[in-house]
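Trainee: The following block contains a protein sequence and its predicted model.
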Amino acid sequence: MSAAPGVLDRDGLGALVAVLVAEGRTVVGPTVRDGAIVLAELASAEALPYGWGVELEAGRYRLVAREDGAAFAHSAGPQSWKNFLHPSRERLWSADRTAEGELTFTAHEPEVPSYAFLGVRPCDLRAIAIQDRVLTGGRYEDGGYGKRRRSALLIAAECTEPGATCLCVSTGGGPAADPGYDLALTEVVDEDGHRFLVRVGSDEGARLLEQVPHHGADLVTEATARASVDAARDRMGRALPPVDLRALMGASLAAKRWDDVAARCLTCGNCTMVCPTCFCTTTEEVTDLTGDHTERWQRWDSCFDLDFSYLHGGPVRASARSRYRQWLTHKLSTWHDQFGTSGCVGCGRCIAWCPAGIDITEEVAALDAERGTESP
Amino acid sequence: MTAVPVPHRVVARRAETADTVTLRFEPVGPALPDFRPGQFAMVHSFGRGEIPVSVSSVQATGGLAHTVRSVGAVSDGLCAARVGDVLGIRGPYGTGWELERARGRDVVIVAGGIGYAPLRPLILGALAEPAAYRRVNVLIGARTPGDLIARKEVESWATAYTGVTVDQPDADWRGDVGVVTQLLGRAHFDPEDTWAFVCGPEPMIRAAARELAHRGVRRDCIRVSLERNMRCATGHCGHCQLGPLLLCRTGPVVDWECAEPLLSVREL
């Protein structure tokens, strides 16, 4: 745990991935696929998106080639680690009925891969900590999530290239990795070469670092790494207004702005699917042809879906206005009441992947302005 | 740990109204922990799904009872269950009425329609200890005489006041007609020293709780049971949100002081 920082070159990173694979871990990290940087299982570090960056705007995501060959100089893609820790479909339990009409219920114990997540952005590291609180921090634990999470190894990649939709600093985060990682990488590309400063965050991280060729961190690499992370802090593309967001949302339930955003919102739920903290699920009953075997499946759900709030007679939140308001007020305000933290880490995914280009920073600023005009 | 239903056998079935059935259960194997009045269970209908249902009887002997109104696929399946059938139940979940907080005070219980069912174990609890509570009032409203649950049981109670009213009377109805809140004027209670317990359709809860508060009952002494869509009951699915609340764990029973501002916002 007290291990000193080290430096890996590109081959060293390759060796680290090779060690993880050899030890039986499922290594998941960023890779280029279908015109995007997605998270997928990596056979080797060569699959990392070396030389690719992204260009982001509201409703827009494009890959761009980078001359420096950097692997982690891109901001969040369409997926997050919840796709692996909190998968979109999971069987919870099954029930079988005998000829005599007796029932047996069997909990589904998922086969859990031993994940190694490579290239976890600081915003996503915070998102994992938030989902930990939601799914394992209460009286009951989401068993599948807890099992996957406890066996997952986290290798963070600090942010040196924020995108135009990034807003983590204004959500209380930043481009530097908070504790919670096993190893944290900071990528440095300069005249001295392409290398990764490695900080150790756990005993397991220290053990792994010892397995691969590296050298102790030199002052130049440490200073350059620190400087580029510090510079990233000042280059955030967007920011939420510097006000008490929890109070603002609470005071804005009757705002006119919700009608404005509802006129643009397609209620497609994309924002909830790409959000790294959105955790909502529904359940489905699946039976086989005999009628004596039934399974209970959990799948991702979205508060933008009409069925989400359905009570006999109809949905509680029928209007687009009320569903957008539910999402945003939950994320920034009532999440605190429920889980003791904000639900937003400022990754900007909801802005980039909104087909209508709705930008939460713009919406929150408008709500703040509207509150201002109503003040005496 | 995944919450898995526990098999329970239907040992008694009573048709309450044309669309409402009370099922009494005994565990097939190990029993669930004891329920408190006001808490709920997730009840499974094989091949259909699970719904949250507040308990209408919590007696350990004679088992647990749930009163279910047929309004959808799962509740249809539950209403069709017969004596001897086995169903899965998990729980107990959520907050209870906490009748014990009303000891030594007047008690006003307001039930609308099937809202009577979650209140039933509370009423029986209050009547079982006549010395512990000052004056117990039970006010019951239903759409029609045919929608009244447990008429006979209600008539047998020794309460300070029991009133029954319907919105739409039939030719044989000789009782009160109109909303349940109008019965409050006939109930015997000192508003400043009263605990109230309210369950029913949301508009009725709002009207009854507002009227009680208007008459001087403290808003934190009015307990209401709320309903939202619910999938997991363990705080993870996000469906039962009502503003800051997750009704599966901070509800279903909450103080009116907490519920009033939330129920005042449309589509919250």
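Mentor: Received, thanks.

Trainee: Spatially nearest residue to whatever residue of the stretch 1-150 of chain B ends up closest to chain A (excluding sequence neighbours)?
Mentor: Minimum separation of the stretch 1-150 of chain B from chain A (C-beta to the nearest C-beta) falls at B:Val71, amounting to 3.8 Å. Quick note: C-beta positions are derived from backbone N, CA and C, even for glycine. Spatial nearest neighbour of B:Val71, excluding adjacent residues (C-beta to C-beta, 6 or more residues apart in numbering or on different chains): A:His312 at 3.8 Å.

Trainee: go on, B:Gly112?
Mentor: B:Gly200 is the one closest to B:Gly112 (C-beta to C-beta, 6+ apart), at 2.3 Å.

Trainee: That neighbour and A:Cys275, how far apart?
Mentor: In this view, B:Gly200 and A:Cys275 are 36 Å apart by C-beta to C-beta, to the nearest Å.

Trainee: What segments of chain A are helices?
Mentor: Counting by DSSP state H, chain A has helices at residues A:10-22, A:82-85, A:122-136, A:143-150, A:203-210, A:219-233, A:245-251, A:257-264, A:270-274, A:320-329, A:335-339, A:349-352, A:360-374.

Trainee: Put together JSON lines for those helices, with mean neighbour count and mean pLDDT on each row.
Mentor: Formatted as JSON lines, those follow (neighbours: other C-beta atoms under 10 Å in any protein chain shown; pLDDT from 0 to 100):
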{"stretch": "helix A:10-22", "mean neighbour count": "18", "mean pLDDT": "98"}
{"stretch": "helix A:82-85", "mean neighbour count": "20", "mean pLDDT": "98"}
{"stretch": "helix A:122-136", "mean neighbour count": "23", "mean pLDDT": "98"}
{"stretch": "helix A:143-150", "mean neighbour count": "18", "mean pLDDT": "96"}
{"stretch": "helix A:203-210", "mean neighbour count": "17", "mean pLDDT": "97"}
{"stretch": "helix A:219-233", "mean neighbour count": "16", "mean pLDDT": "96"}
{"stretch": "helix A:245-251", "mean neighbour count": "18", "mean pLDDT": "96"}
{"stretch": "helix A:257-264", "mean neighbour count": "16", "mean pLDDT": "98"}
{"stretch": "helix A:270-274", "mean neighbour count": "22", "mean pLDDT": "98"}
{"stretch": "helix A:320-329", "mean neighbour count": "23", "mean pLDDT": "98"}
{"stretch": "helix A:335-339", "mean neighbour count": "19", "mean pLDDT": "97"}
{"stretch": "helix A:349-352", "mean neighbour count": "27", "mean pLDDT": "98"}
{"stretch": "helix A:360-374", "mean neighbour count": "17", "mean pLDDT": "93"}
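
Trainee: I'd like to know which of these is closest to A:Ala71.
Mentor: Closest of these to A:Ala71 is helix A:10-22, at 7.7 Å (criterion: C-beta to C-beta).

Trainee: Which neighbouring elements make contact with that closest one?
Mentor: Other helices and strands packing on helix A:10-22, by 3 or more C-beta pairs under 8 Å, 6 or more residues apart in numbering or on different chains; DSSP states H and E, are strand A:26-33, strand A:115-120, strand A:193-200, helix A:203-210.

Trainee: CA atoms of the one helix or strand in chain B whose mean pLDDT sits lowest as PDB?
Mentor: Among the helices and strands of chain B, helix B:151-155 carries the lowest confidence by mean pLDDT, DSSP states H and E, at a mean of 83. Extracted in PDB, the C-alpha atoms of helix B:151-155 (Å, rounded to 0.1, in the frame of the first residue of the first chain):
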ATOM      1  CA  ARG B 151     -69.300  -4.900   7.000                       C
ATOM      2  CA  LYS B 152     -70.200  -7.500   9.700                       C
ATOM      3  CA  GLU B 153     -66.900  -7.200  11.400                       C
ATOM      4  CA  VAL B 154     -67.200  -3.400  11.500                       C
ATOM      5  CA  GLU B 155     -70.600  -3.500  13.000                       C
END
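
Trainee: Now it: buried residues?
Mentor: By 16 or more other C-beta atoms under 10 Å in any protein chain shown, the buried positions in helix B:151-155 come out as B:Val154.

Trainee: Relative to B:Asp190, how far out is A:Pro113?
Mentor: Per C-beta to C-beta, A:Pro113 is found 64 Å from B:Asp190.
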